[in-house]
Structure formats: structure tokens, C-alpha cells
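Build me a model:
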Amino acid sequence: MGVIETKVDTHSLEYRRNYEAMERLVADLKEELRKAREDRPQKAKDRLASQGKMPIREKLELLLDRNTPFLEIAPLAARGIYDGTIHGAGLVSGIGVVCGKEVLVSGNDATIKGGATYPLTVKKTLRVQTIVMENRLPAITLVDSAGGYLPLQSEVFPDIDDGGRIFYNQALTSKMGIPMITAVMGLCTAGGAYVPAMSDETIHVRGTGAIFLGGPPLVKAATGEEVTAEQLGGADLHCRDSGVSDYYAEDDRHAIEIIRSIMECLPHAEKTRLPMHEPRPPLYDPQEIYGIVSREFKVPYDVRELIARIVDGSEFLEFKELFGPTLICGWAYIHGYPVGILGNNGVLFPDSALKATQFIQLCDRRKIPLIFLQNINGFIVGSEYERLGITKHGHKMVNAVATSTVPKFTVIVGASFGAGNYAMCGRAYSPRFLWMYPNAEIAVMGGEQASGVLITLRNDQRAKEGLPPMSREEEDEIRNPLVEAARKESNAYYSTANLWDDGIIDPMHTRDVLGLAISASLNAPIRDDVFGYGVFRM
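Model (predicted):
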């Protein structure tokens with residue numbers, strides 16, 4: 001492989017302005033992450049301490065192996081939604097290492113509304129379960145939840161992607177032979193009682209952990225029986241009498257010791273083997289990505305410069321370099337893992353779509369994971385390109401992305417608009433993980449473009465009616481609300497709050513985030529039983 005020779009002038013005015021703009025965005029991101037980790041009512045903290053419970057992040061610190069990375073999933077979920085205080089949707093979830101084994105850990109944050117389940121808590125839980133099943137990661141769940149948030153129960157309970165799906169997924173996870181370990185460290189009520197009941201092994205904390213289908217108030221209302229939470233579903237009852245729980249823990253710390261002992265006894269899963277190279281850092285400083293990524297989408301940059309700061313040794317074997325130049329494809333290594341990379345250098349033309357299709361097929365055949373670096377306004381439009389078959393060639397690329405069986409990873413590094421989002425493996429195309437840069441935007445189209453389309457349509461209709469075009473003021477009445485809505489609803493924070501991605505990342509950490517995700521994905525086999533891409537329209 002050849003080394004990418006950088007052409008970036010780190011002393012140029014454009015570079016410095018880009019760098020400063022991204023630096024501000026990253027500073028804002030760090031502050032948002034700090035709030036999500038730390039901003040809790042003192043009353044909630046005091047209540048947790050009075051109950052003898054540990055905060056969720058202290059539990060994780062004890063559970064995870066020392067000096068090992070933790071790849072947190074959707075830390076800013078529900079940001080700005082509900083009352084603005086349901087940080088992380090009330091869950092802390094991520095991939096870490098316990099007793100030398102990669103696991104997915106998820107735990108309720110009981111300092112947020114007592115660990116109550118909101119609609120986005122359900123959505124995040126389902127996302128976590130998808131990661132578990134796709135990557136065959138053992139699942140550790142730390143339960144301390146007051147149950148469903150009743151004022152929003154209609155959004156939590158009935159539909160296919162609501163609360164019941166959690167237990168459906170647990171049944172599938174069990175059938176797949178993926179270990180599920182649950183520690184009951186607080187309330188675990190109503191449907192939530194099925195979480196420990198459907199796990200392989202359950203640890204129950206004395207005095208604070210309680211499992212029941214109906215809590216004391218419901219039992220009294222339904223039957224007249226007066227009973228305490230401990231009597232109804234405490235550790236003594238479920239460890240000695242019902243057999244729901246398997247291990248009796250004196251406190252949170254003891255429960256975590258038991259989890260680690262269980263993990264020690266689990267056999268090491270055989271990971272998928274790839275033709276590895278010795279890892280090497282890039283030749284160029286990854287923080288230079290700050291100055292490379294344009295602060296304005298209309299100003300292009302060469303995605304090769306970004307690749308050079310992500311891949312081992314900044315080495316890259318480019319595929320079809322002279323054909324379809326608006327899409328860069330090629331092979332490299334990240335932390336020693338072989339990868340195929342697709343990165344946008346403009347809109348997708350017929351030739352770039354065909355190039356991508358062939359490249360994806362090659363990676364799929366060779367069991368090489370795929371990485372998509374999205375900065376895309378969409379496919380080229382116009383009568384000339386329709387004659388050249390942009391629709392049918394675009395369908396081939398979309399088909400290949402959808403049906404390839406190797407692990408796929410997507411990073412939205414700029415724009416993600418229209419069908420370009422789909423072709424470059426957006427969320428709907430099930431990448432194993434998807435992250436956004438702080439500057440990224442995602443939408444059908446940008447606000448200016450959307451307003452331009454509507455204004456054109458309105459003026460065409462007026463012309464048919466024999467009326468003059470709209471005035472500037474009338475156009476602004478259409479344009480301004482659309483631009484404002486796009487500014488609010490297409491930015492990275494709106495996306496991550498709604499769990500359209502797995503988190504916003506600092507660009508300088510792209511390489512490490514990808515390396516951790518690739519490693520986790522290799523706990524699952526890469527399918528080799530079926531190769532096929534449906535019908536390619538000729």
C-alpha cells in the first residue's frame with residue numbers, strides 16, 4: 001500500500017478557521033457530555049446514598065477491567081426532550097471489558113426519575129439489544145428502575161417497537177446462546193420483572209433489590225393485601241422460595257463481585273479471525289482533522305486527507321482511482337484490522353455508484369469490514385444523468401450496501417442528505433454502529449434546497465394560473481421557517497437525542513472508536529453461507 005501524501009497546509013487561513021470552528025464544536029460536545037454524566041438533583045443523589053446504593057458510573061468502574069476502554073452508546077439520548085433532564089434516556093450503556101471478555105453493559109441511572117422508563121429509554125434498550133445480537137456480545141444488565149413512566153404509557157407499551165419487544169429480544173438472545181447476566185439492585189417491577197426472569201443468571205441485592213409483577217400499591221388495590229416490597233419480591237423470597245434469582249448479594253459491591261466471578265467462568269468465545277497486521281499510528285496527527293473538515297458544507301475537501309489521519313501508517317490502496325472520482329474507495333488497516341473504506345468527494349454519479357457496487361462485492365467476498373465516511377448531498381440529478389441510468393446504477397449500490405454480510409460502520413463527517421444517506425449506509429441500512437461528527441447534519445435535503453423546491457413549485461403553479469411570481473417577501477415567508485426547522489432538526493444533537501445514531505464523537509478519536517467497534521463485531525461470525533445481491537437492473 002502507498003502512503004497518502006498530505007497536501008494540507010496547516011498554516012493556511014482556511015485550515016485555521018476550520019480548526020477553530022471544529023474546536024468550538026468539540027468544546028460544546030464535551031460540555032454536553034459532562035452535563036449528561038454529572039447534572040443530577042442533589043435530592044436524588046442523597047436518596048441513593050441513603051439507600052446504600054452506588055451511582056451507576058461507580059458500579060461500572062468496579063465492574064469493568066481496570067485501564068480498559070469503554071465505548072459508550074448514545075450518551076446524549078433524549079437530550080432536550082421531555083423536561084430536559086432525562087440524560088442518556090435514563091440508561092448508561094456501552095461496550096467494555098470484564099474479565100478479559102468484551103461485553104455490552106447497560107444500567108439504569110436511578111438518580112434520573114428513579115430509573116423510570118421513558119419512550120426513548122425503550123428505544124435505547126432495543127438498540128442495545130440489537131448490538132448484543134448482531135455482535136454476539138454477552139449482556140450484563142444492572143437494574144434499578146421504578147418502571148414505566150405512566151404519563152407516557154401509550155408510547156411505552158403497545159407497539160412492535162415498544163416495551164414488550166425487550167422481552168421478545170431476550171428470548172431470541174437466549175436462543176442464540178448469548179449469555180445474559182442481570183443484577184437486581186433496585187426495583188424491578190411489572191414487565192421489567194421479566195428482565196431478570198429471562199436472563200441466564202440473576203444476582204439479587206438484599207434490602208434494595210425487588211422483583212414483582214405488581215408492586216405493593218397495586219397488590220393492595222387489587223387484592224387488599226398489605227405487603228412491603230421486600231416481603232413481596234426481595235432477595236430472600238426470590239433466592240430461597242421462588243428460585244427467580246440465583247445469587248444472593250449483600251450490597252451493590254458484592255453483586256458486582258459475583259458478576260465478575262460469573263464472567264470468569266464463561267468460556268472465551270472464538271472470535272472471527274481476520275488477516276491482521278501489526279497496528280501502527282497514522283503518520284499525521286489525527287487532531288488535524290479539525291482543520292481539514294470544512295466548516296461550511298459548500299466548501300469541499302479531499303476525504304483522502306481524513307483517511308490519512310485514521311488508518312495505520314496513513315497507507316491506503318485506492319481502488320479505481322481514475323474512475324468515479326466523487327467516491328473514494330480503497331483498502332487500509334485500522335488498529336491492525338483490514339478494512340474497506342468508502343468516502344465521499346462529492347455527489348454520487350452513475351460511475352461512482354457502479355464503482356462502489358463492485359468494491360462492496362469484493363470486500364464482502366473477502367470478509368473485509370466496510371467503513372463509510374459520509375459527506376453527501378445525494379445522487380446527481382438531471383435529464384442527462386437519468387438517461388445515463390443514475391436511478392438503476394444507484395439501485396445497484398443501495399442493493400449491495402443492504403445485502404452485504406460483512407460488518408459495516410458509518411461515520412457522518414459532514415452532510416447526510418437524501419438518498420445519499422441510504423447509499424452510504426445510513427441507519428436504515430443497519431451498519432453495526434453509526435456515529436456523527438459535531439458539525440454533521442442529516443435530512444432529506446438542506447433547508448435552503450427544500451425552500452427552493454417549494455418556491456419553484458409555488459411559482460410554477462402561479463404561472464399556470466396567470467399570476468406573477470412571488471415577491472421576495474412572500475418567498476421569505478416560505479424560506480425562513482423551513483431554514484429554521486432544518487437548522488433545529490437536522491443537526492447532530494437532534495439526531496443523537498432521538499437515537500438516530502450511536503453518539504457524537506470527537507473527530508480526533510475516529511480511529512480509536514472504529515477500532516473498538518471492529519473488535520467487538522468480530523465476536524460474531526461473518527456469514528459466508530449466502531452471497532447474492534438480488535436483481536441488478538442492466
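
What segments of the stretch 1-150 of the chain are helices?
13-38, 42-50, 56-63, 119-135 (DSSP state H, counting those that start in this stretch).

which residues sit against the second one?
The list of residues contacting helix 42-50 from outside it, by Cβ atoms under 8 Å, 6 or more residues apart in numbering, reads 54-55, 110-112. Placement of C-beta: from N, CA and C, glycine included.

Give the buried residues for it.
44, 48 (16 or more other Cβ atoms under 10 Å).

And the strands in the stretch 401-538 of the chain?
Under the criterion DSSP state E, counting those that start in this stretch, the stretch 401-538 of the chain contains strands at 408-417, 433-436, 441-443.

and residue 255, which of these is closest to it?
strand 433-436 (29.1 Å; Cβ to Cβ).

And the contacts of that closest one?
Contacts to strand 433-436, defined as Cβ under 8 Å, 6+ apart, come from residues 131, 409-412, 425-427, 442, 492, 495-496, 500-505, 513, 517.

Ok, stretch 386-399 next?
Under the contact criterion Cβ under 8 Å, 6+ apart, stretch 386-399 has outside partners 348-350, 353-354, 356-357, 360, 379-381, 419, 422-423, 429, 533-534, 536-538.

let's go with 7 Å and repeat that
With contact meaning Cβ atoms under 7 Å, 6 or more residues apart in numbering, stretch 386-399 is reached by 348, 350, 353-354, 356-357, 379-380, 419, 422-423, 533-534, 536-537.

among the residues you listed, which are in helices?
Within those, residues falling in helices by DSSP state H are 350, 353-354, 356-357, 419, 422-423.

Looking at pLDDT only, which of the residues you listed scores worst?
For those, the weakest pLDDT value sits at residue 419, with 91.

list the contacts for that one?
So residue 419 contacts 378-379, 394 (Cβ under 7 Å, 6+ apart).

got any ranges where the protein has weak pLDDT?
Scanning the chain for pLDDT under 70 picks out 528-532, 537-538.

Name the residue most distant from the centre of it?
residue 466 (51.1 Å; Cα atoms, centre = their mean).

Got phi/psi on it?
phi 80, psi 20 (degrees, to the nearest 10).

State the distance from it to residue 501.
48 Å (Cβ to Cβ, to the nearest Å).

Backbone dihedrals for residue 212, please?
According to degrees, to the nearest 10, residue 212 has phi -160, psi 150.

That one: what's its closest spatial neighbour, skipping adjacent residues?
residue 233 (3.6 Å; Cβ to Cβ, 6 or more residues apart in numbering).

Can you give me the neighbour number for that neighbour?
27 (other Cβ atoms under 10 Å).

who touches it in this structure?
With Cβ under 7 Å, 6+ apart, residue 233 has these contacts: 210-212.

Highest neighbour count among those?
With neighbours taken as other Cβ under 10 Å, the top of these is residue 211, carrying 28 neighbours.

I'd say residue 427 and residue 500 touch.
Yes. Between residue 427 and residue 500 there is a contact under Cβ atoms under 7 Å: 5.7 Å.

In helices only, show me the contacts of strand 433-436.
Reading helices off these with DSSP H, I get 131, 492, 495-496, 513, 517.

ok so, going back, most neighbours of all the contacts of residue 419, which one?
residue 394 (26 neighbours).

how far away is it from residue 378?
10 Å.

again, but for residue 523
The value you get for residue 523 to residue 378, if Cβ to Cβ is used, is 35 Å.

Many thanks, have a good one.
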